[in-house]
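> Sequence and predicted structure are below.
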Amino acid sequence: MRRPGRARAAKKRMLVIVNPCATTVSDRLKNLVVYALQGRYEVEAVSTEAQNHAIELGREARDDGFDIVVAFGGDGTLNEVVNGLAGADVPVSVLPGGSTNVVCRTLGIPNDVVDATEHLLTLADEWAPRRIDLGTIDDRHFVFSCGVGIDATVVKRVDAHPKLKARVGPYYYSWAAIASFYRSYLRNPVRVRVETDGGETAEGIAALAQNSDPFTYFARRPVRVCEGIEIDDGTLSLGVLKRAAQRDMPTLVTRLLSERRPAARHRQIEHFDDIAAATVTSISETKDGITRPFPVQVDGDYIGERTRVELRIAPGALTIVA
(Lines give C-alpha, C1' and ligand atoms only; values in the text may rest on other atoms or scores of the structure.)
Protein backbone atom coordinates (compact mmCIF):
# COMPACT_ATOMS: atom_id res chain seq x y z
CA MET A 1 0.00 0.00 0.00
CA ARG A 2 1.38 3.41 -1.04
CA ARG A 3 2.03 5.78 1.84
CA PRO A 4 0.23 9.10 1.65
CA GLY A 5 2.40 12.00 0.57
CA ARG A 6 2.99 14.54 -2.10
CA ALA A 7 3.76 13.08 -5.52
CA ARG A 8 6.79 14.44 -7.30
CA ALA A 9 5.92 16.57 -10.33
CA ALA A 10 6.65 15.23 -13.79
CA LYS A 11 10.15 15.93 -15.04
CA LYS A 12 10.53 19.09 -17.08
CA ARG A 13 11.78 18.67 -20.64
CA MET A 14 15.25 20.17 -21.12
CA LEU A 15 17.16 20.78 -24.34
CA VAL A 16 20.92 21.21 -23.87
CA ILE A 17 22.59 22.92 -26.82
CA VAL A 18 26.29 22.06 -26.67
CA ASN A 19 29.14 23.82 -28.42
CA PRO A 20 31.74 21.03 -28.76
CA CYS A 21 34.40 23.60 -29.72
CA ALA A 22 33.98 25.71 -26.58
CA THR A 23 37.08 26.12 -24.43
CA THR A 24 36.29 23.62 -21.64
CA VAL A 25 33.74 21.34 -23.33
CA SER A 26 34.50 17.70 -24.19
CA ASP A 27 32.39 14.65 -25.08
CA ARG A 28 33.19 13.09 -21.71
CA LEU A 29 32.13 16.20 -19.84
CA LYS A 30 28.96 16.54 -21.89
CA ASN A 31 27.98 12.95 -21.16
CA LEU A 32 28.61 13.38 -17.43
CA VAL A 33 26.55 16.57 -17.31
CA VAL A 34 23.64 15.04 -19.23
CA TYR A 35 23.69 11.95 -17.01
CA ALA A 36 23.55 14.10 -13.88
CA LEU A 37 20.74 16.31 -15.20
CA GLN A 38 18.64 13.27 -16.10
CA GLY A 39 18.06 12.80 -12.38
CA ARG A 40 15.59 15.71 -12.40
CA TYR A 41 14.90 16.50 -16.07
CA GLU A 42 13.94 14.73 -19.26
CA VAL A 43 17.07 15.69 -21.18
CA GLU A 44 17.88 15.92 -24.86
CA ALA A 45 21.31 17.12 -25.93
CA VAL A 46 22.37 18.32 -29.37
CA SER A 47 25.75 19.64 -30.50
CA THR A 48 26.24 22.61 -32.78
CA GLU A 49 27.91 21.94 -36.11
CA ALA A 50 28.73 25.41 -37.42
CA GLN A 51 28.55 29.10 -36.60
CA ASN A 52 24.92 30.26 -36.08
CA HIS A 53 23.66 26.66 -35.80
CA ALA A 54 22.55 27.35 -32.22
CA ILE A 55 20.26 30.11 -33.54
CA GLU A 56 18.44 27.55 -35.67
CA LEU A 57 18.26 25.09 -32.77
CA GLY A 58 16.83 27.79 -30.53
CA ARG A 59 14.14 28.63 -33.08
CA GLU A 60 13.20 24.97 -33.42
CA ALA A 61 12.93 24.62 -29.63
CA ARG A 62 10.14 27.23 -29.52
CA ASP A 63 7.55 24.78 -30.81
CA ASP A 64 8.95 21.47 -29.55
CA GLY A 65 7.44 21.56 -26.06
CA PHE A 66 10.64 22.11 -24.07
CA ASP A 67 10.34 23.62 -20.60
CA ILE A 68 13.91 24.96 -20.62
CA VAL A 69 16.79 25.38 -23.08
CA VAL A 70 20.34 25.33 -21.70
CA ALA A 71 23.31 26.79 -23.56
CA PHE A 72 26.42 24.73 -22.75
CA GLY A 73 29.38 26.69 -24.05
CA GLY A 74 30.73 30.21 -23.89
CA ASP A 75 29.03 33.58 -24.19
CA GLY A 76 28.95 33.24 -27.97
CA THR A 77 26.97 30.01 -27.74
CA LEU A 78 24.50 31.64 -25.39
CA ASN A 79 24.19 34.62 -27.75
CA GLU A 80 23.15 32.33 -30.59
CA VAL A 81 20.64 30.44 -28.44
CA VAL A 82 19.18 33.76 -27.27
CA ASN A 83 18.82 34.97 -30.85
CA GLY A 84 16.74 31.89 -31.56
CA LEU A 85 14.54 32.24 -28.46
CA ALA A 86 14.19 36.02 -27.97
CA GLY A 87 10.56 36.93 -27.34
CA ALA A 88 9.54 33.35 -26.55
CA ASP A 89 8.22 32.06 -23.23
CA VAL A 90 10.69 29.14 -23.15
CA PRO A 91 13.22 29.87 -20.34
CA VAL A 92 16.94 29.85 -21.07
CA SER A 93 19.75 28.91 -18.69
CA VAL A 94 23.52 28.47 -18.94
CA LEU A 95 26.24 25.92 -18.25
CA PRO A 96 29.72 27.49 -18.37
CA GLY A 97 31.93 26.08 -21.11
CA GLY A 98 33.82 29.13 -22.31
CA SER A 99 36.92 30.96 -21.19
CA THR A 100 35.14 33.89 -19.50
CA ASN A 101 31.40 33.09 -19.12
CA VAL A 102 30.34 36.67 -18.46
CA VAL A 103 26.56 36.11 -18.51
CA CYS A 104 26.78 32.99 -16.36
CA ARG A 105 28.60 34.90 -13.64
CA THR A 106 26.41 37.99 -14.00
CA LEU A 107 23.29 35.88 -13.39
CA GLY A 108 24.83 34.28 -10.29
CA ILE A 109 25.32 30.84 -11.85
CA PRO A 110 28.53 29.12 -10.66
CA ASN A 111 31.46 29.41 -13.07
CA ASP A 112 32.43 25.77 -12.47
CA VAL A 113 30.45 23.34 -14.63
CA VAL A 114 30.00 20.78 -11.84
CA ASP A 115 28.65 23.41 -9.45
CA ALA A 116 26.51 24.89 -12.23
CA THR A 117 25.02 21.46 -12.97
CA GLU A 118 24.15 21.02 -9.31
CA HIS A 119 22.61 24.51 -9.40
CA LEU A 120 20.41 23.50 -12.35
CA LEU A 121 19.25 20.44 -10.44
CA THR A 122 18.11 22.59 -7.51
CA LEU A 123 16.21 24.87 -9.88
CA ALA A 124 13.86 21.99 -10.70
CA ASP A 125 12.32 22.52 -7.24
CA GLU A 126 12.80 26.29 -7.15
CA TRP A 127 11.31 27.09 -10.55
CA ALA A 128 11.11 30.86 -10.91
CA PRO A 129 11.48 32.08 -14.51
CA ARG A 130 11.95 35.83 -14.92
CA ARG A 131 12.39 38.31 -17.73
CA ILE A 132 15.56 40.21 -18.58
CA ASP A 133 16.33 42.78 -21.24
CA LEU A 134 18.23 42.25 -24.46
CA GLY A 135 20.15 44.78 -26.48
CA THR A 136 20.00 44.76 -30.26
CA ILE A 137 22.47 45.90 -32.86
CA ASP A 138 20.66 46.02 -36.18
CA ASP A 139 18.95 42.60 -36.32
CA ARG A 140 21.21 40.83 -33.78
CA HIS A 141 20.41 40.56 -30.07
CA PHE A 142 23.07 40.74 -27.37
CA VAL A 143 22.85 39.83 -23.69
CA PHE A 144 25.63 41.82 -22.02
CA SER A 145 27.54 43.93 -24.55
CA CYS A 146 28.34 44.83 -28.10
CA GLY A 147 31.14 46.99 -29.38
CA VAL A 148 32.62 48.63 -32.45
CA GLY A 149 36.28 49.44 -32.82
CA ILE A 150 39.15 48.21 -30.70
CA ASP A 151 37.33 45.60 -28.57
CA ALA A 152 35.89 44.03 -31.74
CA THR A 153 39.38 43.96 -33.28
CA VAL A 154 40.65 42.18 -30.16
CA VAL A 155 37.83 39.62 -30.30
CA LYS A 156 38.53 38.95 -33.99
CA ARG A 157 42.20 38.34 -33.27
CA VAL A 158 41.51 36.08 -30.28
CA ASP A 159 38.85 34.04 -32.08
CA ALA A 160 41.32 33.34 -34.89
CA HIS A 161 43.53 31.42 -32.42
CA PRO A 162 41.21 29.26 -30.26
CA LYS A 163 44.02 27.06 -28.92
CA LEU A 164 45.90 30.06 -27.52
CA LYS A 165 42.61 31.43 -26.18
CA ALA A 166 42.01 28.18 -24.30
CA ARG A 167 45.60 27.78 -23.09
CA VAL A 168 46.47 31.33 -22.01
CA GLY A 169 43.04 32.77 -21.22
CA PRO A 170 42.86 36.43 -20.14
CA TYR A 171 46.57 36.98 -20.78
CA TYR A 172 46.08 36.23 -24.47
CA TYR A 173 43.29 38.81 -24.53
CA SER A 174 45.72 41.30 -22.99
CA TRP A 175 48.37 40.57 -25.61
CA ALA A 176 45.77 40.85 -28.40
CA ALA A 177 44.58 44.19 -27.02
CA ILE A 178 48.12 45.62 -26.93
CA ALA A 179 48.93 44.31 -30.42
CA SER A 180 45.65 45.61 -31.87
CA PHE A 181 46.16 49.02 -30.28
CA TYR A 182 49.64 49.51 -31.74
CA ARG A 183 48.93 47.99 -35.16
CA SER A 184 45.48 49.39 -35.92
CA TYR A 185 44.62 52.32 -33.68
CA LEU A 186 47.65 54.54 -33.07
CA ARG A 187 47.71 55.63 -36.72
CA ASN A 188 44.67 56.59 -38.74
CA PRO A 189 41.96 54.51 -36.98
CA VAL A 190 38.39 54.49 -38.24
CA ARG A 191 36.50 57.23 -36.45
CA VAL A 192 32.82 56.97 -35.56
CA ARG A 193 30.03 59.33 -34.58
CA VAL A 194 27.54 58.23 -31.92
CA GLU A 195 24.09 59.82 -31.67
CA THR A 196 21.70 58.86 -28.84
CA ASP A 197 17.92 58.99 -28.79
CA GLY A 198 18.24 61.95 -26.44
CA GLY A 199 20.06 64.02 -29.07
CA GLU A 200 23.51 63.69 -27.49
CA THR A 201 26.50 63.09 -29.77
CA ALA A 202 30.14 62.06 -29.45
CA GLU A 203 32.98 61.11 -31.77
CA GLY A 204 35.76 58.63 -31.19
CA ILE A 205 37.57 55.49 -32.30
CA ALA A 206 35.51 52.90 -30.37
CA ALA A 207 32.04 52.57 -28.85
CA LEU A 208 30.81 50.01 -26.33
CA ALA A 209 27.16 49.39 -25.40
CA GLN A 210 26.34 47.45 -22.24
CA ASN A 211 23.11 45.80 -21.16
CA SER A 212 24.58 44.60 -17.85
CA ASP A 213 27.54 45.10 -15.54
CA PRO A 214 30.41 44.21 -15.64
CA PHE A 215 31.65 44.36 -19.24
CA THR A 216 33.83 41.28 -18.78
CA TYR A 217 36.27 39.63 -16.36
CA PHE A 218 40.06 39.39 -16.16
CA ALA A 219 40.37 36.04 -14.37
CA ARG A 220 38.23 36.67 -11.25
CA ARG A 221 38.41 40.46 -11.42
CA PRO A 222 35.47 42.30 -13.03
CA VAL A 223 36.33 44.74 -15.83
CA ARG A 224 33.99 47.74 -15.80
CA VAL A 225 33.51 50.33 -18.54
CA CYS A 226 29.97 51.70 -18.32
CA GLU A 227 28.01 52.75 -15.24
CA GLY A 228 24.35 52.85 -14.23
CA ILE A 229 23.25 49.66 -15.94
CA GLU A 230 21.31 46.57 -14.87
CA ILE A 231 20.21 43.63 -16.97
CA ASP A 232 16.53 44.34 -16.32
CA ASP A 233 16.27 48.13 -16.08
CA GLY A 234 15.02 48.75 -19.63
CA THR A 235 18.01 50.83 -20.75
CA LEU A 236 21.50 50.63 -22.23
CA SER A 237 24.69 52.42 -21.22
CA LEU A 238 27.20 53.51 -23.83
CA GLY A 239 30.86 54.48 -23.65
CA VAL A 240 32.83 56.16 -26.45
CA LEU A 241 36.64 56.22 -26.48
CA LYS A 242 37.46 59.61 -27.96
CA ARG A 243 41.02 58.99 -29.12
CA ALA A 244 43.84 56.45 -29.23
CA ALA A 245 46.92 57.92 -27.60
CA GLN A 246 49.68 55.99 -25.87
CA ARG A 247 49.77 58.45 -22.95
CA ASP A 248 46.12 57.68 -22.09
CA MET A 249 46.48 53.91 -21.83
CA PRO A 250 48.09 53.52 -18.36
CA THR A 251 45.37 55.50 -16.59
CA LEU A 252 42.59 53.92 -18.67
CA VAL A 253 43.73 50.34 -18.02
CA THR A 254 44.04 51.11 -14.30
CA ARG A 255 40.46 52.36 -14.22
CA LEU A 256 39.12 49.32 -16.09
CA LEU A 257 40.25 47.16 -13.17
CA SER A 258 39.42 49.61 -10.39
CA GLU A 259 36.39 49.50 -8.12
CA ARG A 260 36.94 53.05 -6.92
CA ARG A 261 37.74 55.04 -10.08
CA PRO A 262 35.48 53.84 -12.91
CA ALA A 263 36.58 53.97 -16.54
CA ALA A 264 33.34 55.76 -17.45
CA ARG A 265 34.75 58.89 -15.79
CA HIS A 266 38.09 58.83 -17.61
CA ARG A 267 38.76 62.07 -19.48
CA GLN A 268 38.92 60.27 -22.83
CA ILE A 269 35.62 58.41 -22.43
CA GLU A 270 32.28 59.99 -23.23
CA HIS A 271 29.63 58.14 -21.25
CA PHE A 272 25.84 57.96 -21.75
CA ASP A 273 23.39 56.04 -19.58
CA ASP A 274 19.63 55.49 -19.55
CA ILE A 275 19.43 55.35 -23.34
CA ALA A 276 16.92 53.35 -25.36
CA ALA A 277 18.48 53.76 -28.81
CA ALA A 278 21.57 55.10 -30.54
CA THR A 279 23.31 55.02 -33.91
CA VAL A 280 27.01 54.53 -34.62
CA THR A 281 28.25 55.76 -38.01
CA SER A 282 31.69 55.72 -39.60
CA ILE A 283 32.96 59.20 -40.44
CA SER A 284 36.26 58.02 -41.99
CA GLU A 285 36.85 57.71 -45.70
CA THR A 286 39.53 56.25 -47.96
CA LYS A 287 41.45 58.40 -50.44
CA ASP A 288 38.82 57.42 -53.00
CA GLY A 289 35.98 58.73 -50.86
CA ILE A 290 34.71 55.31 -49.77
CA THR A 291 33.41 55.07 -46.20
CA ARG A 292 35.71 52.91 -44.10
CA PRO A 293 33.97 50.12 -42.13
CA PHE A 294 34.51 49.36 -38.45
CA PRO A 295 34.61 45.88 -36.83
CA VAL A 296 31.68 44.73 -34.66
CA GLN A 297 31.42 42.20 -31.81
CA VAL A 298 28.37 40.95 -29.89
CA ASP A 299 28.76 39.18 -26.53
CA GLY A 300 32.41 38.49 -27.32
CA ASP A 301 31.89 37.13 -30.85
CA TYR A 302 33.15 38.93 -33.94
CA ILE A 303 30.35 39.34 -36.51
CA GLY A 304 32.01 41.35 -39.29
CA GLU A 305 32.33 44.95 -40.41
CA ARG A 306 29.73 47.71 -40.84
CA THR A 307 29.69 51.40 -41.72
CA ARG A 308 26.58 52.14 -39.64
CA VAL A 309 24.68 50.30 -36.90
CA GLU A 310 21.55 50.96 -34.87
CA LEU A 311 21.48 50.10 -31.17
CA ARG A 312 18.24 49.54 -29.25
CA ILE A 313 17.00 48.02 -26.01
CA ALA A 314 14.35 45.27 -25.98
CA PRO A 315 12.91 45.30 -22.43
CA GLY A 316 11.97 41.89 -21.02
CA ALA A 317 12.75 40.14 -24.30
CA LEU A 318 14.25 36.99 -22.77
CA THR A 319 12.92 34.52 -20.20
CA ILE A 320 15.62 32.99 -18.00
CA VAL A 321 15.96 30.54 -15.12
CA ALA A 322 19.06 31.18 -13.02
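Sure, I can see it. Worth saying up front: this structure is predicted, and the values here are computed from it rather than measured.
> Residue 305 contacts residue 293, doesn't it?
Yes: with contact defined as C-beta atoms under 8 Å, residue 305 reaches residue 293; the gap is 3.8 Å. To be clear about C-beta, it is placed using only N, CA and C from the backbone, and glycine gets the same treatment.
> which secondary structure elements does the top strand by length along the chain contact?
As assigned by DSSP state E, the longest strand anywhere in the chain is strand 308-320. Secondary-structure packing of strand 308-320 (3 or more C-beta pairs under 8 Å, 6 or more residues apart in numbering; DSSP states H and E): helix 75-85, strand 92-96, strand 130-137, strand 140-142, strand 236-241, strand 277-282.
> Mean confidence (pLDDT) on the second one, please.
So the one you mean is strand 92-96. What strand 92-96 shows for mean pLDDT is 97.
> what residues does that strand touch?
Applying C-beta atoms under 8 Å, 6 or more residues apart in numbering, the set of residues contacting strand 92-96 from outside is 16, 24, 33, 68-74, 78, 81-82, 85, 101, 103-104, 107, 109-113, 116-117, 120, 123, 318-322.
> what angle separates that strand from strand 308-320?
Inter-element angle recorded for strand 92-96 and strand 308-320: 100 degrees (by axes from the mean of the first three to the mean of the last three C-alpha atoms, to 10 degrees).
> next SSE after strand 92-96?
Counting by DSSP states H and E, the next helix or strand C-terminal to strand 92-96 is helix 102-106.
> What residues of that following helix count as buried?
By neighbour count with 16 or more other C-beta atoms under 10 Å, helix 102-106 contains the buried residues 102-106.
> Nearest to residue 44 among the residues you listed?
Comparing these against residue 44 with C-beta to C-beta places residue 104 closest, at 21.2 Å.
> Pairing partners for the nearest residue to residue 156 once chain neighbours are set aside in the sheet, please.
Counting by C-beta to C-beta, 6 or more residues apart in numbering, the nearest residue to residue 156 once its immediate chain neighbours are dropped is residue 302, at 4.1 Å. When bridges are called by DSSP bridges, residue 302 pairs up with residue 297.
> just to revisit the earlier point, please, a PyMOL command that selects the buried ones among the contacts of strand 92-96?
Entered in PyMOL, the line below selects the buried ones among the contacts of strand 92-96, by 16+ other C-beta under 10 Å:
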select buried, resi 16+33+68+69+70+71+72+73+74+78+81+82+85+101+103+104+107+109+110+113+116+117+120+123+318+319+320+321+322
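> quick one on the thing from earlier: could you dump the buried residues of helix 102-106 into TSV and include pLDDT and distance to residue 311?
TSV is the format used below for these (pLDDT from 0 to 100; distance: C-beta to C-beta, whole Å):
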residue	pLDDT	distance to residue 311
102	95	18
103	96	18
104	95	24
105	94	24
106	94	19
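> Return the residues in contact with the residue nearest to residue 156.
Residue 302 makes contact with 152, 155-156, 159, 295-296, according to C-beta under 8 Å, 6+ apart.
> Of all pairs in the residues you listed, which one spans the longest distance?
Within those, 159 and 296 form the most distant pair, 12.9 Å apart (C-beta to C-beta).
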